[in-house]
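# Task: produce atomic coordinates for the following.
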Amino acid sequence: MIRATIFEIKNLIRSTYEVHIFLFKYRLVYYTGIILFFIGLISDLIDFPDRNIISIIIFSISIFVSILSLILDIRRSGEEKEKYSEDVPNDHVTKLTKLNITDEYTNSGYIIKDFCNKYVALYSDKINKLIRNENLNNSFEIIKSKAILPSAAKLFAPKIIKDRLTERRGTFFNDKKIRLRTDLTSTNNKSKSPIQLQKTDYYSGICTNEMTGKEVKRKENNDLVETIYDGYSFFCNNNTLLKLEDSNNKCSNHIGVSTLAISMDKKIVISKQSGRTIVYRNKLVPTGSGSADYRDFKSKQNKFNFKTTLIKAMNRELLEETSLKKEKGLEVKTKLIGYARLLDRGGKPDFFGVSFLNVNFEKIKVSGVEKLYIDIHKEIEVMGYTVKDFLKSIESYEEKNKQCFSLPLYLNIQFLKQFIEENNELFLQHFEERN
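This next block holds a predicted model:
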């Protein structure tokens with residue numbers, strides 16, 4: 001309890017600092033004015049003894065007006081988030097399912113599908129089969145320039161970030177993320193060209209990808225006077241989904257990674273998020289579910305290929321969220337099994353895996369720190385060792401709990417079933433080796 005409280009205090013300090021650093025560059029004029037005011041004040045005070053009575057009166061009035069102006073500026077800063085209004089249209093999901101896709105996407109087998117009329121994703125069984133069959137062994141390179149926010153996002157960034165900070169109860173970090181700039185298509189798969197990546201950050205994703213479908217309007221005297229963002233223009237053009245490599249795509253598009261762990265005693269591990277998370281609050285998610293970090297790729301750029309680095313990022317997320325980091329003799333065998341773009345999150349690219357563990361389910365815990373974001377680990381218990389036993393158990397659990405599923409869990413479950421059906425012997429071999 002004490003450890004968790006200390007951790008929360010440290011997170012609050014770090015989060016507050018990172019929010020102000022992020023917002024600084026979008027309110028540079030305001031902060032520059034404050035700095036210049038204090039420079040002028042100090043300069044005037046230094047010369048004060050040499051002034052006559054008239055200049056002292058003028059100086060005093062100037063100081064009073066400047067301080068009053070500063071107070072009003074600070075007050076306006078506090079009220080800044082009231083300048084904009086967020087609204088989600090009722091036909092949001094329908095709009096996403098009716099998006100057009102490019103010929104290259106169509107030729108690569110991509111389709112758009114909604115899940116329980118809540119989430120929408122773009123994926124290709126054709127591409128995912130290639131991924132499961134040991135493709136995607138491309139190298140990767142990181143573009144030197146960092147992704148920047150579009151001008152519209154810069155306007156409402158202070159409101160969005162402050163609102164999310166409040167929702168997260170003060171803990172909300174701007175970790176460095178990695179942006180995917182290459183589309184996974186049949187053409188790119190054949191070329192074997194390096195996967196293009198770019199540095200971005202978590203807050204940029206909040207101000208772009210997570211604003212999908214939310215119409216942002218500017219207010220004056222409580223009246224809506226101007227639409228700043230229509231909810232779709234960051235990643236769509238003329239009702240067509242923009243490719244990741246399209247220069248008109250303004251979303252952060254940081255890479256997401258999720259993996260479903262299967263314990264040695266044949267239990268598929270599902271996690272339930274807490275009310276502190278920003279996305280998929282109180283929903284069921286894969287065992288390890290989060291984002292690839294910039295450091296995952298930066299340190300390994302010349303050592304591993306893109307696929308191997310993704311798997312290492314999945315394993316990092318998995319170990320962080322299951323308290324298995326210090327487990328002696330732990331073995332984790334992770335397979336990449338799928339890829340999708342999450343359209344209700346601006347077409348964000350996400351990769352999915354399955355991780356076979358050499359420990360039983362009872363070893364999987366929620367650590368003191370992770371208790372802030374994960375409520376509990378649940379399990380899908382499989383009775384028997386046949387492929388049919390696994391598929392039947394998964395489908396039964398899905399039918400009973402799908403209303404609580406997050407989109408990553410829907411997709412991860414779907415790709416896992418496809419992996420099991422395509423790789424019967426390989427899948428069962430993981431359990432035969434341990435029994």
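
# what is residue 377 paired to in the beta sheet?
Beta-bridge partners recorded for residue 377 (DSSP bridges): residue 271.

# end-to-end on stretch 339-358?
Start and end residues of stretch 339-358 are separated by 26 Å (CA to CA, to the nearest Å).

# typo on my end, it should be stretch 193-211
Note: stretch 193-211 ends 32 Å apart using CA to CA.

# quick check, distance from it to the centre of its chain.
With CA atoms, centre = their mean, to the nearest Å as the basis, stretch 193-211 stands 8 Å off its chain's centre.

# what's the answer for stretch 371-382, then?
Distance, centroid of stretch 371-382 to centroid of chain: 20 Å (CA atoms, centre = their mean).

# for the record, mean pLDDT for that stretch?
For stretch 371-382, mean pLDDT rounds to 88.

# Can you point out the buried residues in that stretch?
Neighbour-count burial for stretch 371-382, counted by 16 or more other CB atoms under 10 Å, picks out 372-374, 377-380, 382. (C-beta placed from N, C-alpha, C; glycine too.)

# now swap in stretch 212-232 and tell me
Quick answer for stretch 212-232 (16+ other CB under 10 Å): 212-217, 228-229, 231-232.

# biggest separation within those residues, which pair?
Spanning the widest gap among the buried residues of stretch 212-232 are 212 and 217, at 16.1 Å by CB to CB.

# And the strands in the stretch 151-300 of the chain?
176-180, 195-201, 215-220, 223-229, 236-237, 240-241, 256-262, 267-273, 284-286, 288-291 (DSSP state E, counting those that start in this stretch).

# Deepest in the core, which of the ones you listed is it.
strand 256-262 (a mean of 27; mean count of other CB atoms under 10 Å).

# outside of that one, which residues touch it?
Residues outside strand 256-262 that contact it (CB atoms under 8 Å, 6 or more residues apart in numbering) are 268-270, 285-292, 310, 313-315, 317-318, 322, 334, 342, 348-357, 364, 408-409, 411-413, 416, 430.

# What of stretch 356-373?
Contacts for stretch 356-373 (CB under 8 Å, 6+ apart): 3-4, 7-8, 171, 261-265, 267, 269, 273-274, 276-277, 287, 320-324, 327, 329-334, 374-377, 379, 430, 434.

# thinking again about what came up before, redo the strands of the stretch 151-300 of the chain as CSV? Include mean pLDDT and distance to residue 398.
As requested, the strands of the stretch 151-300 of the chain are exported to CSV (pLDDT from 0 to 100; distance: least, CB to CB, whole Å):
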stretch, mean pLDDT, distance to residue 398
strand 176-180, 95, 28
strand 195-201, 94, 32
strand 215-220, 79, 33
strand 223-229, 77, 35
strand 236-237, 94, 30
strand 240-241, 97, 27
strand 256-262, 96, 12
strand 267-273, 95, 10
strand 284-286, 97, 10
strand 288-291, 93, 17
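
# got these as JSON lines, with distance to residue 126 columns?
Putting those into JSON lines (distance: least, CB to CB, whole Å) gives the following:
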{"stretch": "strand 176-180", "distance to residue 126": "19"}
{"stretch": "strand 195-201", "distance to residue 126": "18"}
{"stretch": "strand 215-220", "distance to residue 126": "35"}
{"stretch": "strand 223-229", "distance to residue 126": "34"}
{"stretch": "strand 236-237", "distance to residue 126": "23"}
{"stretch": "strand 240-241", "distance to residue 126": "17"}
{"stretch": "strand 256-262", "distance to residue 126": "21"}
{"stretch": "strand 267-273", "distance to residue 126": "26"}
{"stretch": "strand 284-286", "distance to residue 126": "23"}
{"stretch": "strand 288-291", "distance to residue 126": "25"}
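
# now, which of the contacts of strand 256-262 lie within helices?
Using DSSP state H, the members of the contacts of strand 256-262 that fall in helices are 310, 313-315, 317-318, 322, 408-409, 411-413, 416, 430.

# Now which of those residues would you call buried?
By 16+ other CB under 10 Å, those give 310, 313-315, 317-318, 322, 408-409, 411-413, 416, 430 as buried.

# returning to what we had before: and the ones in helices among the contacts of strand 256-262, which is closest to residue 146?
residue 313 (19.4 Å).

# Can you tell me how far the closest one is from residue 93?
29 Å (CB to CB, to the nearest Å).

# same check, this time on residue 211
16 Å.

# In terms of neighbours, single out the busier of those two.
More crowded of residue 211 and residue 93, by other CB atoms under 10 Å: residue 211, with 23 against 19.

# Tell me if I'm right that that one and residue 153 touch.
Yes. Look at residue 211 against residue 153 with CB atoms under 8 Å: they come within range, at 7.4 Å.

# anything in contact with each of those two?
Counting by CB under 8 Å, 6+ apart, the common neighbours of residue 211 and residue 153 are 229, 234.

# can I see the domain layout of this structure?
2-78, 87-432 (automatic domain parsing).

# weakest of the ones you listed by average pLDDT?
Taking the mean pLDDT of the domains of the chain, domain 2-78 comes last: a mean of 59.

# Residue 278 versus residue 173, what's the distance?
11 Å.

# go on, residue 348?
For residue 348 relative to residue 278 (CB to CB), the value is 13 Å.

# Between these two, tell me which one has more neighbours.
Each of residue 348 and residue 278 has its neighbours counted (other CB under 10 Å); residue 348 has more, 28 against 16.
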